[in-house]
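Enquirer: Got a predicted model here, sequence first, then my questions.
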Amino acid sequence: MLANIIVGFILLVVIGVASYKSYQDMKNNKCSCGSSCSDKSKCHKKDIVKFK
Amino acid sequence: MKIAIAGNPNSGKTTLFNAITGKTEFVGNWPGVTVDKKEADIKKKYRLLDESIRIVDLPGAYSISPFTGEEVITRDYVTDEKPDVIINIVDGANLSRSLFFTTQLLELNIPMVIALNKKDIIERRKDEIDMKAFERVLKCPVIETVATSNVGLKELIQQAIKVKENHKQDKIEVSGDSDIDRQKVVDQLVSQIFIKKSDSSQIRISDRVDRIVAHKWLGIPIFFLIMWAVFSFSINGLGGFLSGYLNDTFFGELVPNFLNTTFEAWNLHPLLQALVVDGVIGGVGAVLGFLPLIMVLFFCLALLEDSGYMSRIAVVMDRFFKKIGLSGKSIIPMIVGSGCAIPGVMATRTIEDINERRMTTILTPFVPCGAKLPIITLFTAVFFSEYTWVGPSMYVIAIAMIIVGGLLLKKIFVWEGNTGFILELPDYKVPSLRHATIQMFDKAKSFIKKATTIILVCNTLVWFAQTYSFGFQTVEDQSLSILAGIGGIIAPLLIPIGLVGWQMAAATITGFIAKENVVGTLAVILLASDELLYAVDGPLQSLFTPVTAFAFLVFNLFTPPCFAAIGAMNAELGSKKWLAKALGFQLGIGYMLALLITQIGTLIYTGSPAQGFVPAIIITVFVTGLVVYLIKTADKKRVT
Amino acid sequence: MSDFFLFLGQFFVIILTKCYEYDNLYQEVMIIIIRKVVRMPLNKAKLGQTFQVEKVEGKDKIKKFLFSLGCFEGEQITVISKLAGNYIVNIKDSRYAIDEKMAKSILLY
């Protein structure tokens, strides 16, 4: 029983942190693509000026 | 305090930025790498007092009158946002051209410091610059730097801070307002400070190499050979080997076995055990196993991009791209996209013509990105292990469809593309191993972060959704679970293309969050450890035939990319209308190709039609009719 | 028509040098005279030679862009080679690849 609680708790913490980080990334519009953008820069530039 | 870095494309701005902030922004040896402004705080060791200094890296510009999209960003920033200090990086390899922009920047009356970069090239060419005259004539401090080896950076920052405090800029005179007058002033300045010993019009080694590499007929095979070498080394060679070990042994046997035995010894609740071993480890492990492969791929791509070869590829491909209405410049986003589609799509900003840019944005995701590699590797291992041509064929199909897709787009949409093609060819340089290694580790960090955040969350949700039914009861039969219910909604649509069952629908849906999720989701659903997943007679065989497996690979290749990439597309296309068209087009190509492969392939392979044959025919007829209609309407618009 | 003159001029020079072995100075003078009479677009220029830009045609935006690179009236431009349908040129201290269309709009002498 104790094992259940410990493992379950650890799992909850891990998943909780993961969810929180994912949510934050989505909110800041940061790339969660992880493949080529560094997670320091924003991926979507919302204010691109359209020029002729 | 904000310091902006401005200068010609490829002059070393981002390299300088990385050196003084400790960041690892993307650097490449061709014009048009930085398409976005980037900000960061200066490293502690370059600070003077305790004041925090913010550095802004701007895209390269040849002048303050913008020609391409990124030049607009630079222009807007220096004129509207008024940084405290400007560091103007003057490219020592082309002093005269750089100074044109310099004189324009000086007129903004913002405190400025000049960094004379690439000093090593000046010395190599045996040219000389009179530094004192330089400072006197431009009325602003000039520091010699070699950004790639951190030379001169400390003095540069110190000068920058000093210049802000003592700002009383004397403007240098530019009589008359025209560009010609400005150029005359620049020529005069250059004659006063520059003693040129080298003759740049002489044939250099770079030119001799170009004659072979960008040759009319040799160029393409050489390009294919180089790309094949890069991907082969990553997928079949070192990267694949290490990944294979991670997937088969480490995540396949060692970890699950260890955890299972330990959990059983602790008498852990079976559901909890399943969640950890099958859900978390199974899903995330399936993805994490690809880390070596991704690292090797990005290392090789970084070397390639640093060498200066990219511009040459554009020269070689220009001829062919012109046939579909694009120019050679469009190949660069596609090559960048073979790593990740997002910077690839953003790289389209260097294309001046808006229609060409849109078209390139739509076609770039067709190139298999790093995230799709796990899918390709998995399916090749299970279904096509004797046919080693299947993996590389994905890239060939991608190129073929880019051409076909490009022609289709040209026919369906009315536009007048027609800019000329002009691209700077930087000197070749020996790619920096240090830089490639830094990039590789940077990608590795991002990949691990992605795997342990969004993919972990997704796999957990998937596990819950397939273990429980809508009534929150555990189910033995997976087809009664929540996931089956959700997947079941779009599953019928996937039948004509050979994907049978809610499992595939679920994998496709999670694939939009991140393409790697397809592998993770399948691993969780099939309750398969990595070893089992990759086995030739493993559970995947129950969902696919070789034909439909191939169709699935193709489907994945061309359907719209992950949400993050779609977001980048949205930013570049600029309008929701175009985004809808783009997504519709991509979805259409992916769906129809998979449909054709499944239906025709199954007929040939097994001699009898596949499931959903009749609906497939109806859909094909409908789609063909739609395409013909669109072309006809476009033709009519073109005539009028 | 100007193509014809160009050909004539070059032919003339070659014949002269072959027959009379004139020294470089005379050759150069002849070439300069011929060029002043006959201006040609970049796509007709001889490879490996340096020219002066006489005029740049085209849309304003492109002209301005080429200007900022150093390609405008009076400046020197060297045609290095022709690769895969594109012309490799040297302006100031950098190499650029230009396609046929753009090459046609840069007039040299």
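Expert: Now that the structure is in, tell me what you want to look at.
Enquirer: Residues contacting stretch B:255-270, please?
Expert: Outside of stretch B:255-270, the residues within contact range by C-beta atoms under 8 Å, 6 or more residues apart in numbering or on different chains are A:3-4, A:7, B:272-273, B:276-277, B:281-282, B:285, B:529. For every residue, glycine as well, the C-beta is placed using N, CA and C.
Enquirer: for stretch B:64-76, the distance to its chain's centre please.
Expert: The chain centroid and the centroid of stretch B:64-76 are separated by 22 Å under C-alpha atoms, centre = their mean, to the nearest Å.
Enquirer: So is it next to chain A?
Expert: Yes: using C-beta under 8 Å from any C-beta of the partner chain, stretch B:64-76 reaches chain A at B:66, B:69, B:72-73, B:76.
Enquirer: Over to stretch C:52-65?
Expert: No: legend: contact between stretch C:52-65 and chain A by C-beta under 8 Å from any C-beta is lacking; minimum distance shown is 8.7 Å.
Enquirer: quick one: contacts of that stretch?
Expert: B:62-63, B:65, B:67, B:179, B:352, B:419-420, B:422, C:39, C:66-67, C:71-77, C:102, C:105-109.
Enquirer: C-terminal to the least confident helix or strand in chain B by mean pLDDT, what's the next element?
Expert: Taking mean pLDDT, DSSP states H and E as the measure, chain B has helix B:530-534 as its least confident helix or strand, at a mean of 65. Next helix or strand after helix B:530-534 toward the C-terminus (DSSP states H and E): helix B:546-558.
Enquirer: Show me what the helix or strand B:F298 falls within packs onto, helices and strands only.
Expert: Per DSSP H and E: B:F298 is located in helix B:291-307. In terms of contacts (3 or more C-beta pairs under 8 Å, 6 or more residues apart in numbering or on different chains; DSSP states H and E), helix B:291-307 is packed against helix B:219-231, helix B:238-244, helix B:331-337, helix B:373-383, helix B:433-450.
Enquirer: Run through the neighbouring helices and strands of the second one.
Expert: Using 3+ C-beta pairs under 8 Å, 6+ apart as the contact criterion, the elements in contact with helix B:238-244 are helix B:291-307.
Enquirer: Likewise for the last one?
Expert: For helix B:433-450, the contact count by 3+ C-beta pairs under 8 Å, 6+ apart identifies helix B:291-307 as packing neighbours.
Enquirer: avg pLDDT for the following helix or strand past the helix it packs on?
Expert: For helix B:291-307, the succeeding helix or strand toward the C-terminus, using DSSP H and E, is helix B:309-323. For helix B:309-323, the mean pLDDT works out to 85.
Enquirer: The stretch 151-300 of chain B: helices as residue ranges?
Expert: For the stretch 151-300 of chain B, the helices defined by DSSP state H, counting those that start in this stretch occupy B:153-165, B:179-193, B:205-213, B:219-231, B:238-244, B:255-265, B:270-274, B:282-288, B:291-307.
Enquirer: Identify each buried residue in the first one, please.
Expert: Along helix B:153-165, the positions that meet the burial threshold by neighbour count (16 or more other C-beta atoms under 10 Å in any protein chain shown) are B:153, B:156-157, B:159-161, B:163-164.
Enquirer: Could you do the fifth one as well?
Expert: In terms of neighbour count (16+ other C-beta under 10 Å), helix B:238-244 has its buried residues at B:238-240, B:242-244.
Enquirer: For the stretch 51-200 of chain B, which residue gets nearest to chain A?
Expert: Going by C-beta to the nearest C-beta, chain A is nearest to B:V72 of the stretch 51-200 of chain B, at 5.3 Å.
Enquirer: nearest residue to that residue other than its sequence neighbours?
Expert: The shortest distance from B:V72 to any non-neighbouring residue, by C-beta to C-beta, 6 or more residues apart in numbering or on different chains, is to B:P66 (4.4 Å).
Enquirer: So what's the residue count around C:I33?
Expert: Neighbour count for C:I33, taken as other C-beta atoms under 10 Å in any protein chain shown: 12.
Enquirer: can you give me phi and psi for C:Y96?
Expert: Per-residue torsions, C:Y96: phi -130, psi 150 (degrees, to the nearest 10).
Enquirer: brain fart, C:Q52
Expert: The phi/psi pair for C:Q52 (degrees, to the nearest 10) reads phi -110, psi 140.
Enquirer: Please name the bridge partners of it.
Expert: Beta bridges link C:Q52 to C:Q76, judged by DSSP bridges.
Enquirer: Compute the number of surrounding residues for it.
Expert: There are 14 residues near C:Q52, going by other C-beta under 10 Å.
Enquirer: for B:S65, same thing?
Expert: A count of neighbours around B:S65, defined by other C-beta under 10 Å, yields 16.
Enquirer: same question, A:K21
Expert: For A:K21, the number of neighbouring residues by other C-beta under 10 Å comes to 18.
Enquirer: swap in B:G252?
Expert: 25.
Enquirer: per-residue confidence for residue 47?
Expert: In the absence of a named chain, chain A is used. pLDDT, read off for A:D47, is 39.
Enquirer: um, chain C though
Expert: C:L47 is assigned 82 on the pLDDT scale.
Enquirer: Also B:A4?
Expert: pLDDT recorded at B:A4 is 90.
Enquirer: Look at it and tell me its secondary structure.
Expert: In three-state terms, and counting by DSSP: H, G, I helix; E, B strand; the rest coil, B:A4 is strand.
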